[in-house]
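S.K.: Sequence and predicted model, in that order:
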Amino acid sequence: MIDLKALRADPDAFRGPLARRGVASATIDELLGIDEQRRGLMTQAQDLRAEQKQFGRRIGQASPEERPALIAESGTFSARIEALETEESVLEARQTEILLTIPNVPHPSAPDGSADSDAVEVEQFGTKPTFDFDPLDHVALGEALGILDIERAVKVSGSRFAFLLGDAVFLEFALVRYAMDTIAAAGHTPVIPPVLTRDEALFGTAFLPGSADQIYKLPEDDLYLVGTAEVPLAGMHIDEIFEADQLPLRYGGFSTCFRREAGTYGKDTSGIFRVHQFDKVEMFSWVRPEDSWDEHVRLKDLERDILSGLGLHGRVVDIAVGDLGDSAARKYDTEVWLPGQQQYRELTSASNCTDYQARRLKARYRTSDGTETVHTLNGTACAVGRTIIAVLETHQQADGSVLVPEVLQPYMGKERMVPA
RNA sequence: GGAGGCGUCGCAUAGCUCGGUCUAGUGCGCGUCACUGCUAAUGACGUUGGGUGUAAAAGCCCUCGAGGGUUCGAAUCCCUCCGCCUCCGCCA
């Protein structure tokens, strides 16, 4: 949620940047108009309540004989206050409704446009793998190695699920441990968070109400299955006030992620690129506002280094403003070359949400004169399923075996995965 | 799942019986100042968060787990929900 007070103080500072994301100036005008009306009603109601309290105090101090007369006289206060407040709450509901549709103010340097293709390449890493044979995709490789069973997963759970078997399991654990060790060394506290949360955490992270159709819900218990550890990691500090010296506060959460993938029929239907359930190590940072852009670069660099450390080739792109999630002011995606698909695909992503999430989460920190909203950032340390795809396809050999990246060998205890 | 108890301004507590002087008391902690070779001790003042307001302030409103209700008036009475604790049942 954007800063309403700041908007009120200087609307024009918001119009231009938000227009880049498709927010009409008229929307802002409507919001400000409602806001002004609302505050007018609020002031009236406050003044009345002050009067009412004053009067109530007199009744309390009056002698028992005087009381009935005063009580009779006090009559209409609550009715009048209630009328004003009812009117105000209608306006407030409308105001919130508008506010929830307004995305974060983008960074001035984030590229224009709204399509994938409008993203701007920032850097490359690794070398593009070459093969003196026709490289297979991860499905063919996984089945040949006996480590991936999709057909039976369909039988058990339907489409977009998979069984990982044998070396794929150890590869997953190795990737998780490698990513976790790397970010822990960089100051992120490892966390295994709950994967079922209440709606507060989802509203706070702005997945609700916007992305309700992507989220699994358990209505019996009023809980939701999270699509990323970002949700519980953000939820951890709902309604808290940090001391300034606690920041930056960095976490690395491992969790299974659940996504309905509604509306993606026919997209990435083969293999485990887009599935309903996968595991992920997610970084989450709470920082002071003045530090968030440095932190954003830091997360991006960590992501790049983790992937290039696996011997993968890819590039980092700066996502166009129209393609950002509502919360993000700027986002870097890291795309890895997948030889089986002959294209770059998104493996990780780092977003600076500035104060947009934090305001909804009511997370702030103490300053010399009061409190200020913190900034939050999140970034993928390792999306395990997709990284498995990249490792299999990049390091495949002519004989159908796959070399284990050197950094994973200590965790996996082998140098090569071979067909059974 | 069943029975009972509890939730107060950083922490610990008072207040709830019997609604009004609670504008929430006290201790600890923390901050500023005074006294002071230094430290300690002592004293004074301040110390939840949010909103509104303003050049800045003052002022005003809300906030006693959350939300409703009763009432002229709710920390206090009633209802629902959430959380914690104890006991029983079940369980990796």
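M.R.: Sure, I can see it. In this text the structure is predicted, and so the values were computed from the model without any measurement. Residues are numbered from 1 along each chain as shown, chains lettered A, B, ... in the order given.
S.K.: use CA for all of it now, contacts and neighbours both
M.R.: OK.
S.K.: Around RNA strand B, pick out the residues from the stretch 101-250 of chain A.
M.R.: Residues of the stretch 101-250 of chain A lying close to RNA strand B (Cα under 7 Å from any atom of the strand): none.
S.K.: what about the strands in the stretch 101-250 of chain A?
M.R.: Taking DSSP state E, counting those that start in this stretch to define them, one finds strands in the stretch 101-250 of chain A at A:120-125, A:148-149, A:163-164, A:189-191, A:196-197, A:216-218, A:223-225, A:241-242, A:249-258.
S.K.: Could you dump those into TSV and include mean pLDDT, distance to residue A:179 and mean neighbour count?
M.R.: TSV is the format used below for the strands of the stretch 101-250 of chain A (pLDDT from 0 to 100; distance: least, Cα to Cα, whole Å; neighbours: other Cα atoms under 10 Å):
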stretch	mean pLDDT	distance to residue A:179	mean neighbour count
strand A:120-125	97	18	15
strand A:148-149	96	22	21
strand A:163-164	96	19	18
strand A:189-191	95	10	17
strand A:196-197	90	23	18
strand A:216-218	89	27	16
strand A:223-225	90	23	18
strand A:241-242	88	27	19
strand A:249-258	96	9	22
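S.K.: so can I have JSON lines of the ones you listed showing distance to residue A:313?
M.R.: Compiled in JSON lines, those are given as follows (distance: least, Cα to Cα, whole Å):
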{"stretch": "strand A:120-125", "distance to residue A:313": "6"}
{"stretch": "strand A:148-149", "distance to residue A:313": "23"}
{"stretch": "strand A:163-164", "distance to residue A:313": "24"}
{"stretch": "strand A:189-191", "distance to residue A:313": "27"}
{"stretch": "strand A:196-197", "distance to residue A:313": "35"}
{"stretch": "strand A:216-218", "distance to residue A:313": "34"}
{"stretch": "strand A:223-225", "distance to residue A:313": "33"}
{"stretch": "strand A:241-242", "distance to residue A:313": "39"}
{"stretch": "strand A:249-258", "distance to residue A:313": "24"}
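S.K.: quick one: is the helix ranked longest in chain A near RNA strand B?
M.R.: Looking across chain A with DSSP state H, the single longest helix is helix A:25-61. Yes. In terms of Cα under 7 Å from any atom of the strand, part of helix A:25-61 sits within range of RNA strand B, namely A:39, A:42-43, A:46-47, A:49-54, A:56-57, A:59-61.
S.K.: what residues does the helix or strand following that helix touch?
M.R.: Using DSSP states H and E, the helix or strand that follows helix A:25-61 in sequence is helix A:67-74. With contact meaning Cα atoms under 8 Å, 6 or more residues apart in numbering, helix A:67-74 is reached by A:52, A:55, A:59.
S.K.: check whether the lowest-mean-pLDDT helix or strand in chain A contacts RNA strand B.
M.R.: Counting by mean pLDDT, DSSP states H and E, chain A has its least confident helix or strand at helix A:67-74, which shows a mean of 77. Yes. Using Cα under 7 Å from any atom of the strand, we find that helix A:67-74 touches RNA strand B at A:71, A:72, A:74.
S.K.: Now that helix - C-alpha only, PDB.
M.R.: Provided in PDB are the C-alpha atoms of helix A:67-74 (Å, rounded to 0.1, in the frame of the first residue of the first chain):
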ATOM      1  CA  ARG A  67     -28.100  12.800  37.600                       C
ATOM      2  CA  PRO A  68     -31.400  11.900  36.000                       C
ATOM      3  CA  ALA A  69     -31.800  15.400  34.600                       C
ATOM      4  CA  LEU A  70     -28.300  15.400  33.100                       C
ATOM      5  CA  ILE A  71     -28.800  11.900  31.600                       C
ATOM      6  CA  ALA A  72     -32.000  13.000  30.000                       C
ATOM      7  CA  GLU A  73     -30.200  16.000  28.600                       C
ATOM      8  CA  SER A  74     -27.300  13.900  27.200                       C
END
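S.K.: Where does the prediction get shaky in the stretch 51-200 of chain A?
M.R.: Counting by pLDDT under 70, the stretch 51-200 of chain A has low-confidence residues at A:75.
S.K.: how close does the closest residue to RNA strand B within the stretch 151-300 of chain A sit to residue A:307?
M.R.: Here the stretch 151-300 of chain A gets closest to RNA strand B at one residue, residue A:241, 7.4 Å apart by Cα to the nearest atom of the strand. Noted for residue A:241: a distance of 35 Å to residue A:307, by Cα to Cα, to the nearest Å.
S.K.: circling back to that earlier point, is it true that the residue of the stretch 151-300 of chain A closest to RNA strand B touches residue A:361?
M.R.: No. Applying Cα atoms under 8 Å, one finds residue A:241 not in contact with residue A:361, separated by 10.9 Å.
S.K.: Tell me who's in contact with the most centrally placed residue in chain A.
M.R.: Note on chain A: the residue nearest the mean C-alpha position is residue A:230, at 5.4 Å, using Cα atoms, centre = their mean. Shown in contact with residue A:230 (Cα under 8 Å, 6+ apart): A:205, A:253, A:282, A:283, A:284, A:378.
S.K.: Near the fourth one, how many other residues are there?
M.R.: By the other Cα atoms under 10 Å criterion, the neighbourhood of residue A:283 contains 30 residues.
S.K.: Look up the pLDDT of it for me, please.
M.R.: Looking at residue A:283, its pLDDT is 98.
S.K.: I figured it hits residue A:376, correct?
M.R.: No. Using Cα under 8 Å, residue A:283 is not in contact with residue A:376, being 10.6 Å away.
S.K.: Find residues that contact each of the two.
M.R.: Between them, residue A:283 and residue A:376 share no contacting residue, judged by Cα under 8 Å, 6+ apart.
S.K.: Do you have the helices of the stretch 251-400 of chain A handy? List them.
M.R.: A:292-309, A:356-361, A:384-394 (DSSP state H, counting those that start in this stretch).
S.K.: quick one: which of the ones you listed is nearest residue A:4?
M.R.: Residue A:4 lies closest, by Cα to Cα, to one member of the helices of the stretch 251-400 of chain A: helix A:356-361, at 10.5 Å.
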